[in-house]
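K.L.:
the sequence and its predicted three-dimensional model are supplied below.
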Amino acid sequence: MKVSEIYKKKKKSLSFEIFPPKKDTELENIDETLSVLSELNPDFISVTFGAGGSSNCNRTIELAKKIKNDYKIEPVVHLTCLHYDRSEMEEFAHVLSEEGIQNVLALRGDRNPRIPEKNDFKHSSDLISYLKPDHDFCFLGACYPECHPESSGRVSEIKALKAKVGAGAEVLISQLFFDNDKFYQFNEECQIADINVPILPGVMPVINRPSGQ
């Protein structure tokens, strides 16, 4: 089910974000974490996606399949686009469609001096605009209640977010914030700017801790 459809049925939702294991062998051991999270009945679980190389993509997709097929929870696959070209993104989108994964969180991705940037996608809105006409995904977009680190201010932040929604983002999910009041204020600012899609606070669980604590 698409996240946009989930939100039409309920006013509040619960979701988690997890990282795929760094090694393929560790993918077999992630069930302990997923079992704990599934007991909380999240509406979806998003799976991160790194820059450069296919192995990270493979682990992201394998983990998303496990979430969907074994735990019957909707996965949201992160797609970062700064270090990929159109043909690579088309390949990723095709694989997701083949696996029945319907939800994509479109992201620019962090800059990494060790990985060359490509020229096809400079912003997540570029990725959404490119994929949306030919792929039946629910596109989610990231939002930043306390402003993106590269933002010049709140006005430019809201303008960029409005462009993202205009490109086809149906749901917005926040990146990390520490002050609830800023999240509430951010929601009001979005309403004033006529950004009327659901805005969800993202939750990242702590899945390990030092022994003895």
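P.N.:
Yep, it's here.
K.L.:
low-confidence ranges in this structure?
P.N.:
The model of the chain has pLDDT under 70 over residues 24-28, 50-56, 203-213.
K.L.:
which residue ranges of it form helices?
P.N.:
Counting by DSSP state H, one finds helices in the chain at the ranges 3-9, 31-38, 54-71, 86-98, 124-131, 154-167, 180-192.
K.L.:
list the buried residues for the last one?
P.N.:
Translated: helix 180-192. Along helix 180-192, these residues count as buried under the neighbour rule (16 or more other C-beta atoms under 10 Å): 183, 186, 187, 189, 190. Any C-beta I mention is one placed from the backbone N, CA and C, and that applies to glycine too.
K.L.:
try the longest one
P.N.:
Using 16+ other C-beta under 10 Å as the burial criterion, the residues of helix 54-71 that qualify are 56-57, 59-68, 71.
K.L.:
closest to residue 119 out of the residues you listed?
P.N.:
Minimum separation from residue 119 among these (C-beta to C-beta) is found for residue 57, which lies at 20.0 Å.
K.L.:
tally of neighbours for the residue lying closest to residue 42 once chain neighbours are set aside?
P.N.:
Nearest non-adjacent residue to residue 42, counting by C-beta to C-beta, 6 or more residues apart in numbering: residue 14, 4.9 Å away. As a burial measure, residue 14 scores 15 neighbours (other C-beta atoms under 10 Å).
K.L.:
let me know whether residue 14 touches residue 43 as I believe.
P.N.:
Yes - the pair formed by residue 14 and residue 43 meets the contact definition of C-beta atoms under 8 Å, at 5.8 Å.
K.L.:
returning to that earlier point: possible to save the buried residues of helix 54-71 as TSV with distance to residue 197?
P.N.:
Written out in TSV, the entries for these read as follows (distance: C-beta to C-beta, whole Å):
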residue	distance to residue 197
56	28
57	27
59	29
60	24
61	26
62	30
63	26
64	23
65	27
66	28
67	24
68	23
71	27
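K.L.:
which one of the residues you listed sits closest to residue 97?
P.N.:
Within these, the smallest distance to residue 97 is 11.4 Å, found for residue 61 (C-beta to C-beta).
K.L.:
residues contacting that closest one?
P.N.:
Going by C-beta atoms under 8 Å, 6 or more residues apart in numbering, residue 61 touches 77, 95, 96, 99, 101.
K.L.:
do I have it right that the third one meets residue 137?
P.N.:
Read it as residue 96. Yes - under the criterion of C-beta under 8 Å, residue 96 makes contact with residue 137 at 7.3 Å.
K.L.:
anything in contact with each of these two?
P.N.:
In terms of C-beta under 8 Å, 6+ apart, residue 96 and residue 137 are both contacted by the residues residue 104.
K.L.:
beta-bridge partners for the closest residue to residue 201 other than its chain neighbours, please?
P.N.:
Leaving aside its chain neighbours, residue 201 sits nearest to residue 174 (5.1 Å; criterion: C-beta to C-beta, 6+ apart). Using DSSP bridges, the beta-bridge partners of residue 174 come out as residue 143.
K.L.:
for residue 174, give its distance to residue 105.
P.N.:
Using C-beta to C-beta, to the nearest Å, one obtains 12 Å as the distance from residue 174 to residue 105.
K.L.:
which residues touch residue 168?
P.N.:
Taking C-beta under 8 Å, 6+ apart as the criterion, residue 168 is in contact with 128, 129, 132, 139.
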